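sequence first, predicted coordinates after that:
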Amino acid sequence: MTDDQANMASPEKSKRPSGPLAPVAGSIRLFRRWWRVSVRGGVDQQAVIDKVREDSGFTPHFAFMTSMSAGIAILGLLLSSPAVVIGAMLLSPLMGPIIGAGFALAVGDSAWLKESGKAIVLGTIISILFAGLVVTMSPLQTVTAEIAARTRPNLFDLLVALFSAMAGAYAMIRGRMGTIVGVAIATALMPPLAVVGFGLATFNWAVFGGSLLLFFTNLMTIALTATAMAWLYGFRSYLSERQSQFQIAAMVVVFIALAIPLGLSLRQIAWEANVSRSANGYIKDQFGKRASVSQIEIDFDADPIVVNATVFTPRILAGVAEQSSRVLSRTLGQPIAVNVEQFKVETGEDANSAELAAAKMQEQAQQAEIQVTRLRENLALIAGVSVDDVTLDTSKRRAMVNAKPLPGASLASYYALEQRVAAGAKNWTIKLQPPAIALPDLIITDGAVAPASSRNLDLIVWASDRIGLPLGMTGAIPDRSVARDALKAKNITVAQESDAVIPGAGVKLRWLAPLEGSNLQQ
């Protein structure tokens, strides 16, 4: 037998590589054969595709669950409650169409891809608009810690989405659907969308853009990772080899495009953490072991960067702030201004006690700030004005606002609104100035204000104190005399009187223009 005949008789033998890499190549061949027979062979591809396709379309159930999930998510974010936010993640059905889009890309099914894309787009729009609607109707519109945490995506967020998507796709392929619950929590698709709605409703474009980037990162990473996992498990594709290569190249480009800004964000976060660590360490080293750095606040948006530190120390040191500024600026290569507030304590235990007291005071100050913010928002809401129209004097604990006319509202309505706010703001003086609407009548019987009119008398006194306009009164002389004395006892002066008989034996009161009242008094 010739050499050519031998090679033709044993083609497998001729293809086997020789040399030092032969064992590695053989191991790779064995692994690929095992993967193809043992792993791929145990997957019912048609059943998986049917299941994924079933969960990836837009239905009324999908729309309802998406909106409910968005509502729960935004409420949890506004309340800064992680438990409520997790509940929204469990309800969110967005994971289905996103993984469906990934599988549709893998098998080259354009109709399925359009169906999944439609569900993703409509689900996203519904989530943003519903969350924005809840924020618009809510008196709480401040950026909480839960909201702020979803406005600065970084490379770690992409990695979390990547690993979660691998777990989700594996769970779909291997029939372990219970894992999807954990994946939904990890990728957190709904909370970023709710934050997008918050940013849109409050016109906070920094929050809007940051949270939208986080959602887009999760969406693209999950979809493309699902595509790669489907390829890995050998799902049949209707695409040509060239089209498949184009898909792979597009996926790589998308991942790189996402990784660059997220990597830069992560680098900035790491740099800020380094500044905080360096500032804390250097300031503490100057005071020694017996001192305690209670608090460090850094304003990275200032120019130069400002570091504010609070230190409890047995001895007060001079020039610490200036020295720290020079060293930190030289070490970090950027101008940094340091302010150090020193509190003298005798021992380390005193420092710990003082630090605990300072932390408690800071917590109380934060609670007071939250109370002031809520008071301002509540007053603005009931008065029908913006929060900028509410006047607060925190030193004297007084709050004032001028209410806009509300359809069908009487003086009693405005008084009830003021009392409602005052009941929730202990130790505050609340003054809601109503519009100058009609005053109630006073009924006079047996030479006195009738008990049925005592409520009206209180409303007239309250409104006169809030509005400050002069009063005019019409009625019979005896009735006017009784009403005048009753108002005078409450320090309310009637500027003008006119004689007329009022049906029901009473008097009518009205507002006068300021100049009209002053002329009459003169």
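Looks like it arrived, so ask away. The structure displayed is predicted, hence computed values, not measured ones.

for Val306, give its distance to Asp299.
Per CB to CB, to the nearest Å, Val306 is found 4 Å from Asp299. The way it works is simple: take the backbone N, C-alpha and C, and place the C-beta from them, glycine included.

ok, Gly132 - contacts?
197-198, 200-201 (CB atoms under 8 Å, 6 or more residues apart in numbering).

let's see it at 7 Å
The contact partners of Gly132, taken as CB atoms under 7 Å, 6 or more residues apart in numbering, are 197, 200-201.

what about it, distance to Asp446?
Distance from Gly132 to Asp446, by CB to CB: 60 Å.

do Gly210 as well
71 Å.

of these two, which one has the most company?
Gly210 (21 against 7; other CB atoms under 10 Å).

helix, strand or coil for the nearest residue to that one once chain neighbours are set aside?
Closest residue to Gly210 apart from its sequence neighbours, by CB to CB, 6 or more residues apart in numbering: Thr151 at 3.5 Å. Using DSSP: H, G, I helix; E, B strand; the rest coil, the structure places Thr151 in coil.

with Pro191 as the reference, measure out to Thr151.
11 Å.

between these two, which is the more surrounded one?
Set Thr151 next to Pro191 and count neighbours by other CB under 10 Å: Pro191 wins out with 29 against 21.

what helix or strand does the more buried one sit in?
Following DSSP states H and E, one finds Pro191 within helix 190-202.

now for that helix, which elements pack on it?
Packing contacts for helix 190-202, counted by 3 or more CB pairs under 7 Å, 6 or more residues apart in numbering; DSSP states H and E, involve helix 60-78, helix 82-91, helix 110-137, helix 205-232.

could you redo the last one with a cut-off of 8 Å?
Packing partners of helix 190-202 (3 or more CB pairs under 8 Å, 6 or more residues apart in numbering; DSSP states H and E): helix 60-78, helix 82-91, helix 110-137, helix 145-148, helix 205-232.

could those helices go into TSV alongside distance to Thr331 and mean pLDDT?
Output for the helices and strands packed on helix 190-202, formatted as TSV (distance: least, CB to CB, whole Å; pLDDT from 0 to 100):
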stretch	distance to Thr331	mean pLDDT
helix 60-78	38	90
helix 82-91	36	78
helix 110-137	43	90
helix 145-148	28	83
helix 205-232	30	85
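
in JSON lines: those helices, plus distance to Val254.
Formatted as JSON lines, those follow (distance: least, CB to CB, whole Å):
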{"stretch": "helix 60-78", "distance to Val254": "24"}
{"stretch": "helix 82-91", "distance to Val254": "24"}
{"stretch": "helix 110-137", "distance to Val254": "15"}
{"stretch": "helix 145-148", "distance to Val254": "27"}
{"stretch": "helix 205-232", "distance to Val254": "6"}
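
so which of those comes closest to Pro435?
helix 110-137 (23.8 Å; CB to CB).

that older thread, just want to know which of Val306 and Asp299 has more residues nearby.
Taking neighbours as other CB under 10 Å, Val306 and Asp299 compare with Val306 leading, 16 against 12.

and the more buried one, backbone torsions?
Dihedral pair for Val306: phi -110, psi 130, per degrees, to the nearest 10.

ok, it - contacts?
298-299, 336-339.

do that again at 7 Å, thanks
299, 337.

am I right that Arg315 falls within a strand?
No - applying three-state DSSP, one finds Arg315 to be coil, outside a strand.

now do it against Gln295, distance only.
In terms of CB to CB, Arg315 sits 20 Å off from Gln295.

look at those two and report which has more neighbours.
Shown here are Arg315 and Gln295; by other CB under 10 Å, Gln295 has more neighbours (14 against 11).

in the contacts of Gly132, which residue is surrounded by the most others?
Most surrounded of these: other CB under 10 Å gives Gly197, at 27 neighbours.

okay, helices next: where are they in the stretch 251-400 of the chain?
Ranges of helices within the stretch 251-400 of the chain are 320-332, 348-383, based on DSSP state H, counting those that start in this stretch.

show me the contacts for the closest residue in space to Asn154 that isn't next to it in sequence.
Take Asn154 and drop its neighbours on the chain: the residue closest to it by CB to CB, 6+ apart is Leu266, 3.7 Å away. By CB under 7 Å, 6+ apart, the contact set of Leu266 is 154-156.

if any of the residues you listed are buried, put those into a ChimeraX selection.
Buried residues within the contacts of Leu266, by 16 or more other CB atoms under 10 Å, are selected in ChimeraX with:
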select :154,155
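
how's the protein carved up into domains?
When the chain is parsed with automatic domain parsing, its domains come out as 42-238, 272-361, 362-433, 442-521.

chain center to the last one: distance?
With CA atoms, centre = their mean, to the nearest Å as the basis, the distance from the averaged C-alpha position of domain 442-521 to the chain average is 51 Å.

what's the separation between Ala463 and Ala436?
Distance from Ala463 to Ala436, counting by CB to CB: 8 Å.

the more surrounded of these two?
It is Ala463, of Ala463 and Ala436, that has more neighbours when counted by other CB under 10 Å, with 25 against 17.

so how many other residues sit close to the closest residue in space to that one that isn't next to it in sequence?
Closest residue to Ala463 apart from its sequence neighbours, by CB to CB, 6+ apart: Leu411 at 5.2 Å. Residues within reach of Leu411, counting by other CB under 10 Å, total 21.
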